[in-house]
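1. Sequence first, predicted coordinates after that:
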Amino acid sequence: MKNILVLTVSLLAGCSGAAPTLPRTAAPEAPVNPVVTAQASAESRCGAFGTNFDENVACRRADGTLRSFADPQIAWRVRYFVRHLYMPCGEMPTVQEAYVFHTVFEDLAADPNLDDAERTAIRNAMYDEPMHCKG
């Protein structure tokens, strides 16, 4: 296809007397890989647990479950709920938010390789942003 384009441009240039030029194309943008983005998120949240296999795996499970929300408004609220054990802004959780909260919380509670301090540290790592309440 490129050869045909070069030939066409050359023929047209020969007729007009102008030097042949190829059309410029923009460099393709690198696609965003959600797996790489998720890994970077897990690395930043779970980096402190890198030296302990059990903590690192539990942290990544919790972060993965919390990333299941595509809506960032819901995601930050559930992360806040996991860390503080109550919803932000004096609100009540939706059914989905409560389900994800319990999935993360019960998974950490049932992990026999974690003690209470490790569970608390992992929960705290799930949210480290300011509160996004309106008003």
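-> It's in.
2. alpha carbons only for contacts and neighbour counts from here, please
-> OK.
3. what's M126 in contact with, if anything?
-> M126 makes contacts with 45, 62-63, 79-80, 82-83, as judged by CA atoms under 8 Å, 6 or more residues apart in numbering.
4. Between the residues you listed, which sits nearest L108?
-> A62 (7.8 Å; CA to CA).
5. how deep is the closest one tucked in, by neighbour count?
-> 26 (other CA atoms under 10 Å).
6. pretty sure it contacts E106?
-> No: if you go by CA atoms under 8 Å, A62 and E106 don't touch, sitting 10.2 Å apart.
7. hang on, the earlier thing: in CSV: the contacts of M126, plus pLDDT.
-> Formatted as CSV, the contacts of M126 follow (pLDDT from 0 to 100):
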residue, pLDDT
R45, 88
A62, 96
D63, 95
R79, 96
Y80, 96
V82, 97
R83, 96
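8. Of those residues - the most surrounded one?
-> Compared across the contacts of M126, R79 has the highest neighbour count, 28 neighbours, by other CA under 10 Å.
9. Flag the shaky bits of the protein, pLDDT-wise.
-> For the chain, the stretches flagged by pLDDT under 70 are 1-42, 135.
10. which residues in it form helices?
-> 2-16, 34-46, 53-66, 72-84, 95-110, 116-125 (DSSP state H).
11. Of these, which is nearest C133?
-> helix 72-84 (9.5 Å).
12. Pull the residues that contact the closest one.
-> Residues outside helix 72-84 that contact it (CA under 8 Å, 6+ apart): 66-67, 69, 86-88, 97-98, 100-101, 104-105, 120, 123-127.
13. again, but for stretch 86-99
-> The contact list for stretch 86-99 (CA under 8 Å, 6+ apart) reads 74, 77-78, 80-81, 131, 133.
14. Distance to V57 for these - can I get that in TSV?
-> Listed next are the contacts of stretch 86-99 as TSV, based on distance: CA to CA, whole Å:
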residue	distance to V57
I74	24
R77	23
V78	20
Y80	20
F81	21
M131	27
C133	31
